[in-house]
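A.B. asks: what's the 3D shape of this:
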Amino acid sequence: MEGFRAFHYGANAVCFQKNGRKYGMICSWATQVDYDKIVMLLGAQSATGKNISKGDIIGVSVLSKDQANVMNTLGNNHSDEVDKFRDLGYTLMDSALFINNASVCLMVEVIDILHLEGIEEDNLVYGKIKHHFGSGDPMLTINN
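C.D. replies: All right, here's what the predicted structure looks like:
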């Protein structure tokens, strides 16, 4: 099953500020599971994923087709090692960071973080969408 792809994966920037540090990563395994709920699987190696806690307010920016550079910047290195936001345009609301001109931006309150059988080390983040806005531009996928 390694390498098998049954879906068209999106390029979603998961970003927030906590304890004076900005965290950001690209999450392809994210989906809406209700009108106001989402789930995202964040890998165990992710500094961003390791620093998300229940109750946190985070930003999820669904990148637009013209934002491959943002995908590459946030997808490389770890947030606790480099400032990934140095050259990116972003907006801070509460503790959520949003990528400017993203197709869709979601302010998400983390309801729970699950560790399911088979993916125990990874973080399955379950969140409530508190607010949304965006450019409406076509979405970028990692398959482009």
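
A.B. asks: Looking at the helix or strand in which residue 60 is found now, give me its mean pLDDT.
C.D. replies: Here residue 60 is covered by strand 57-62, with elements defined by DSSP states H and E. Averaged across strand 57-62, pLDDT comes to 97.

A.B. asks: tell me which residues in the helix or strand just after it are buried?
C.D. replies: Downstream of strand 57-62, the first helix or strand assigned by DSSP H and E is helix 68-75. Applying a neighbour-count criterion of 16 or more other C-beta atoms under 10 Å, the buried positions in helix 68-75 are 70, 71, 73, 74, 75. In short, each C-beta sits where N, CA and C put it, glycine included.

A.B. asks: I would like the residues contacting helix 68-75, please.
C.D. replies: The contact list for helix 68-75, computed with C-beta atoms under 8 Å, 6 or more residues apart in numbering, reads 11, 13, 15, 24-26, 63, 84, 87-88, 99, 140, 142, 144.

A.B. asks: tell me the secondary structure for the spatially closest residue to residue 119 that is not a sequence neighbour?
C.D. replies: Of all residues not flanking residue 119 in the chain, residue 41 sits nearest, at 6.9 Å (C-beta to C-beta, 6 or more residues apart in numbering). The local conformation at residue 41, judged by DSSP: H, G, I helix; E, B strand; the rest coil, is strand.

A.B. asks: Quick check: neighbours of the strand holding residue 60 in the sheet, parallel or antiparallel?
C.D. replies: Strand 57-62 sits in its sheet next to strand 12-18 (antiparallel), strand 104-114 (antiparallel), going by DSSP bridges.

A.B. asks: what is the orientation angle of the helix or strand that the first one is followed by with helix 68-75?
C.D. replies: Looking back up the chat, that one is strand 12-18. Once the chain leaves strand 12-18, the next helix or strand it forms, by DSSP H and E, is strand 21-27. Interaxial angle of strand 21-27 relative to helix 68-75 (axes from the mean of the first three to the mean of the last three C-alpha atoms, to 10 degrees): 110 degrees.

A.B. asks: Please identify the buried residues of strand 21-27?
C.D. replies: By neighbour count with 16+ other C-beta under 10 Å, strand 21-27 contains the buried residues 22, 23, 24, 25, 26, 27.
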